[in-house]
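> All I have is the shape, not the residue letters:
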Ligand code: UD1
């Protein structure tokens, strides 16, 4: 296990280009098996979630070639419809493959992904959506057998706008004759990117980004070269890193139009942010001001994936604030570690009350999930002394060498063997 050693107290300064989005790359990799032609993805970050997804595709029979930041997926030789157990447990988003595999083979077997650190994360909405398209689902001994021999287009309604379930149904419906409509769909920008990708392959999807998505089935998709959208959470994390250190940075390739909630909270905390066509510029005050409240919501509400980073910022802001986590049930697991660094956070259920302190102090802390790990790094950047963030590998799931990105902005951080 590796760890990050962070020496706090330096203001971040400089400019950086934001990577493409993990949450766009993963469903796009899954959707690349909807065509038997080659798909070339450019500018794919080196993150372990994408590497694991590529490994699953290889095990299922795809040819996956990686060259630098390009990934080429050729699924003409795809033969597997059973998802490998070990990897599907490791990477929850392998569930995205259910829709595309059903589309190719009219059958699929997957392992129940189970819970994870941030919550139970059931897949009932994914299965409900697929049942709406005529898929027969049998759950047996931890395995889910899907029979798509009677698949047809139709209407899928979600009780809750799940991102993954919306994407799964979109992908399952692309090649079904007729029109499929998804009602109460999730509206995350990465779903819009998936629509763009599918349409670039010859699909006919419209409405992504709104609550109603309409998919008109086409006979066949063709290969494409595609660059996924930039990562709004990576961009937000970098801005938060600058903000917590009282720094000033400029980001290029930031999807600022998709970051309204995060930018608005950072402004509320006293940061000056300029949104220019070519870059996003943030200048932080000497001391952040506490936001009164922050509530996570499905997009366009405040993203749950930025909640814990903001908790770290609020820890050192002047004043008091309340954070309510509405999306996942267990996303305050890093509050304890922040408190060990000197923060004053009180959590009860889905609510955290934060009394800002002037200073944090370096400590040995542990990343328990991807975003929480990043938040501990941010706290370390602010803290007096050295912070050791254990289990850096969890941060590598979604940040391409976070230590290099922060070093480029003037931070003192290095990777060590745990
Ligand atoms: C995606 C993102 C993740 C982000 C989340 C919410 C990817 C790869 N991951 O995850 O980074 O934090 O959206 O913005 O894109 N739920 C059910 N039943 C289901 C599915 C979900 O109850 O079948 C619940 C979940 O447990 C959770 C909530 O719905 O409480 C939101 O989950 P969902 O929108 O599905 O998130 P993911 O697609 O898993």
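On my side now, so go ahead. Every value quoted in this text rests on a predicted model; they were computed, and no experiment measured them. Numbering: from 1, shown residues only.
> where's residue 54 relative to the ligand, distance?
Distance from residue 54 to the ligand, counting by C-beta to the nearest ligand atom, to the nearest Å: 15 Å. C-beta here means a position set from N, CA and C on the backbone, and glycine is covered the same way.
> so who does that residue touch?
29, 64, 66, 71, 73 (C-beta atoms under 8 Å, 6 or more residues apart in numbering).
> and the second one, that one's in a strand?
Looking back up the chat, that one is residue 64. Yes. Assigned with DSSP: H, G, I helix; E, B strand; the rest coil, residue 64 falls within a strand.
> Isn't it up against residue 58?
Yes. Taking C-beta atoms under 8 Å as the definition, residue 64 is a contact partner of residue 58 at 5.1 Å.
> hang on, the earlier thing: kindly reformat the contacts of residue 54 as CSV containing distance to residue 354, pLDDT and neighbour count.
Formatted as CSV, the contacts of residue 54 follow (distance: C-beta to C-beta, whole Å; pLDDT from 0 to 100; neighbours: other C-beta atoms under 10 Å):
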residue, distance to residue 354, pLDDT, neighbour count
29, 37, 97, 27
64, 44, 97, 18
66, 42, 96, 15
71, 40, 98, 24
73, 44, 98, 27
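> ok, these vs residue 385, which is closest?
residue 66 (39.0 Å; C-beta to C-beta).
> Nearest residue to that closest one in space, please, no chain neighbours.
In space, residue 66 comes closest to residue 54 once its chain neighbours are excluded; the distance is 7.0 Å by C-beta to C-beta, 6 or more residues apart in numbering.
> Next, that neighbour: secondary structure please.
helix.
> mind checking how far it is from residue 111?
19 Å (C-beta to C-beta, to the nearest Å).
> Pick the one among the contacts of residue 54 closest to the ligand.
Ranked by distance to the ligand (C-beta to the nearest ligand atom), these are led by residue 29 at 10.7 Å.
> does the closest one really touch residue 73, like I thought?
Yes. Counting by C-beta under 8 Å, residue 29 touches residue 73, with 6.6 Å between them.
> how many neighbours does residue 403 have?
For residue 403, the tally of surrounding residues (other C-beta atoms under 10 Å) stands at 21.
> Repeat that for residue 357.
17.
> element containing it, please.
For residue 357, there is no enclosing helix or strand under DSSP states H and E.
> got a list of what it touches?
Residue 357 sits next to 315, 316, 342, 343, 344 when contact means C-beta under 8 Å, 6+ apart.
> and residue 359, that's in a strand?
No. In this structure, residue 359 is coil, not part of a strand, as judged by three-state DSSP.
> OK, contacts around residue 205?
Counting by C-beta under 8 Å, 6+ apart, residue 205 touches 170, 174, 195, 198, 199, 213, 214, 215, 216.
> Correct me if wrong: the first one contacts residue 194.
This means residue 170. Yes. If you go by C-beta under 8 Å, residue 170 and residue 194 touch, sitting 6.5 Å apart.
> Which positions within the helix-or-strand element of the chain with minimal mean pLDDT qualify as buried?
Across the helices and strands of the chain, mean confidence by mean pLDDT, DSSP states H and E is lowest for helix 85-90: a mean of 76. Buried residues in helix 85-90, defined by neighbour count with 16 or more other C-beta atoms under 10 Å: 88, 90.
> shared neighbours, residue 170 and residue 194?
Common contact partners of residue 170 and residue 194 (C-beta under 8 Å, 6+ apart): residue 208.
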